[in-house]
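A.B. asks: Build me a structure from this.
(one chain, ligands or ions: 1)
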Amino acid sequence: MNFHDLRVNADRLHASIEEMAQIGVTNNGGVTRLALSEEDRRARDLLKQWMIDAGMSVKIDDFGNMTGRREGTAPLAPAMTGSHLDSVRRGGKWDGALGVLGPLEIVRLLNEHDIQTARPIEIVNFTSEEGSRFEPAMIASGAVAGVFSREFVHSRVDQNGVSFGDALQQIGYAGEAENRPLHAAAFIELHNEQNPLLDDADLPVGIVEGIRGITWWNVAVTGESDNGPTPMTHRRDALAAAAEIVVGVREIAQQTGDGATGLVGRLRNEPDLVNVIPSKVVFSVDFRHQELRVIDQMIGQLHELIDTVKERHGVEIEAEQLWLSEPTPFDSTVVQAVEDACQSSGIPAMRLWSGPGHDAKYMQAVCPSAMIFVRSHRGKSHSEDEFSAPDDVEASVNALLHSVLAIASQP
Ligand code: CO
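C.D. replies: Numbering: from 1, shown residues only. From the prediction side, this is the model:
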């Protein structure tokens, strides 16, 4: 058989995704499988059994990250792939699970065809990617990358006061630090897109060049409360001033273009009464782009706008940065390997950047990494309406198959 003609068993792949989706299934066909919950334990037990049945060894690290390993023929660092089995409340069945079960299908296929690779192949199920129960998101991959300490991770508590460390013990998945998924030759994460770019382009698969940067700001506008009949010339209206900035944030992103986004998602108005001029308005700003330079440029424009609005309305405005997540470009060699895999196996694909964060963002700090996206219908995710078509899912796992094979075959 020609290597390039190798294709995954779609029926077996979809059957595994469906079986996993029964754990924590919701009334509307979604999934609720919060990190380190009883559902998560059952999902892990099933994955572990499937890995063992496929001849893999399974290791657990001190954050509960699970790594299944298929041995290679040479003493080389593994080709690593993986994602997460936890979900948000009422999430979809592909988010995370595809990136764990797609690789499992690849191992089953290689076993079936008796194909040996030079490098070992490792599949990782990262703990608590979503951050729905324990914040922040991607905490266990972040810990592997050294961004969060073990103490920090284990002391996170859920809304019932249960700590990450205790929950990990309770479900029986507290392992050893020496089992952390480090030392890979490369890491590739397969995930559903969770954005409508592929759907708009009518393409099944995305070659992810990196994860876009995000910055959050807090803006506080202070004016002066006064009663309704106050003449228009005598006002210091905090809400009228804030409104100009809210519209401005949208315009800054639109004028920047190139995928830039800007959002005001939270706004508090005081005193919020029908006949009183607002004295204080506090709101958030969220800007995203793949280049830090462009994010800085949008923030610069925001400050210029603030100065103009201050003068026009006679108000005080304070703006402070709450959070900055810098853009993470993936490794160009691994991205190229994914592109070559799509081309050589005839899978229609395009390059794009990820809006949401993923475990691969932190893994890029550990080893050369990249991602593969499968089209999300209308971009929906973190919702029971999440949908990726079976043919698209199959194509995306074939793209991963040939990417992993290329890396696992390299000396
Ligand atoms: Co996910």
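
A.B. asks: Give me the domain ranges for the protein.
C.D. replies: Domain segmentation of the chain under automatic domain parsing yields 3-212+327-408, 213-325.

A.B. asks: Distance to the ion and mean pLDDT for those - can I get that in TSV?
C.D. replies: C-beta here means a position set from N, CA and C on the backbone, and glycine is covered the same way. Shown next, in TSV, are the domains of the chain (distance: least, CB to the ion, whole Å; pLDDT from 0 to 100):
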stretch	distance to the ion	mean pLDDT
domain 3-212+327-408	4	97
domain 213-325	16	96
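
A.B. asks: Please enumerate the strands of the stretch 101-250 of the chain.
C.D. replies: Taking DSSP state E, counting those that start in this stretch to define them, one finds strands in the stretch 101-250 of the chain at 121-126, 186-192, 205-211, 213-222.

A.B. asks: how about those in JSON lines, adding mean neighbour count?
C.D. replies: What follows is those, written out as JSON lines (neighbours: other CB atoms under 10 Å):
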{"stretch": "strand 121-126", "mean neighbour count": "29"}
{"stretch": "strand 186-192", "mean neighbour count": "30"}
{"stretch": "strand 205-211", "mean neighbour count": "24"}
{"stretch": "strand 213-222", "mean neighbour count": "20"}
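
A.B. asks: Which residue ranges of the chain form helices?
C.D. replies: 10-21, 38-53, 98-112, 139-144, 150-154, 164-170, 197-201, 238-256, 292-313, 332-344, 359-363, 390-409 (DSSP state H).

A.B. asks: so of the ones you listed, which one's packed in deepest?
C.D. replies: helix 359-363 (a mean of 29; mean count of other CB atoms under 10 Å).

A.B. asks: Which neighbouring elements make contact with it?
C.D. replies: Here helix 359-363 touches strand 79-84, helix 139-144, strand 186-192, strand 205-211, strand 369-374, going by 3 or more CB pairs under 8 Å, 6 or more residues apart in numbering; DSSP states H and E.

A.B. asks: List the residues that contact the closest residue to residue 314 other than its chain neighbours.
C.D. replies: Leaving aside its sequence neighbours, residue 314 sits nearest to residue 236 (CB to CB, 6 or more residues apart in numbering; 4.7 Å). For residue 236, the contact set (CB atoms under 8 Å, 6 or more residues apart in numbering) comprises 223, 224, 226, 277, 313, 314, 315.

A.B. asks: Would you confirm that the fifth one contacts residue 232?
C.D. replies: No: because the distance of 11.5 Å does not satisfy CB atoms under 8 Å, residue 313 is recorded as not touching residue 232.

A.B. asks: who are the neighbours in contact with the residue nearest to residue 102 when sequence neighbours are not counted?
C.D. replies: Nearest residue to residue 102 in three dimensions, chain neighbours excluded: residue 397, at 4.1 Å (CB to CB, 6+ apart). For residue 397, the contacting residues are 8, 13, 98, 102, 105, 106, 190, by CB under 8 Å, 6+ apart.

A.B. asks: Is the third one in contact with residue 373, as I believe?
C.D. replies: No: taking contacts as CB under 8 Å, residue 98 lies outside contact range of residue 373: 10.1 Å.

A.B. asks: what touches both of these two?
C.D. replies: What both residue 98 and residue 373 touch, as defined by CB under 8 Å, 6+ apart, is the set 190, 191, 192, 396.

A.B. asks: Out of these, the closest to residue 307 would be?
C.D. replies: residue 191 (41.0 Å; CB to CB).

A.B. asks: Can you tell me the closest non-neighbouring residue to the closest one?
C.D. replies: Distances taken as CB to CB, 6+ apart put residue 99 closest to residue 191, at 5.2 Å, once the chain neighbours are dropped.

A.B. asks: now residue 404
C.D. replies: Spatial nearest neighbour of residue 404, chain neighbours left out: residue 79 (5.2 Å); criterion: CB to CB, 6+ apart.

A.B. asks: Let's have the helices and strands packed on helix 359-363 in JSON lines, adding distance to residue 297.
C.D. replies: Formatted as JSON lines, the helices and strands packed on helix 359-363 follow (distance: least, CB to CB, whole Å):
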{"stretch": "strand 79-84", "distance to residue 297": "33"}
{"stretch": "helix 139-144", "distance to residue 297": "28"}
{"stretch": "strand 186-192", "distance to residue 297": "29"}
{"stretch": "strand 205-211", "distance to residue 297": "18"}
{"stretch": "strand 369-374", "distance to residue 297": "26"}
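
A.B. asks: can you pull the contacts of residue 101?
C.D. replies: So residue 101 contacts 13, 16, 17, 20 (CB under 8 Å, 6+ apart).

A.B. asks: 10 Å instead?
C.D. replies: 12-21, 47, 50, 83, 85, 93-94, 123, 125, 190, 393, 397 (CB atoms under 10 Å, 6 or more residues apart in numbering).

A.B. asks: One more: residue 66?
C.D. replies: So, once contact is read as CB under 10 Å, 6+ apart, residue 66 ends up touching 44, 47-48, 51, 58-60, 82, 85, 100, 123-127, 173, 175, 179, 181.

A.B. asks: one more time with 6 Å
C.D. replies: Listed by CB atoms under 6 Å, 6 or more residues apart in numbering, the contact set of residue 66 reads 60, 125.

A.B. asks: same deal with the one 5 residues further on?
C.D. replies: The contact partners of residue 71, taken as CB under 6 Å, 6+ apart, are residue 120.

A.B. asks: Same check on residue 57?
C.D. replies: residue 69.

A.B. asks: 10 Å instead, please
C.D. replies: Residue 57 is in contact with 51, 67, 68, 69, 70, 71, 120, 122, counting by CB under 10 Å, 6+ apart.
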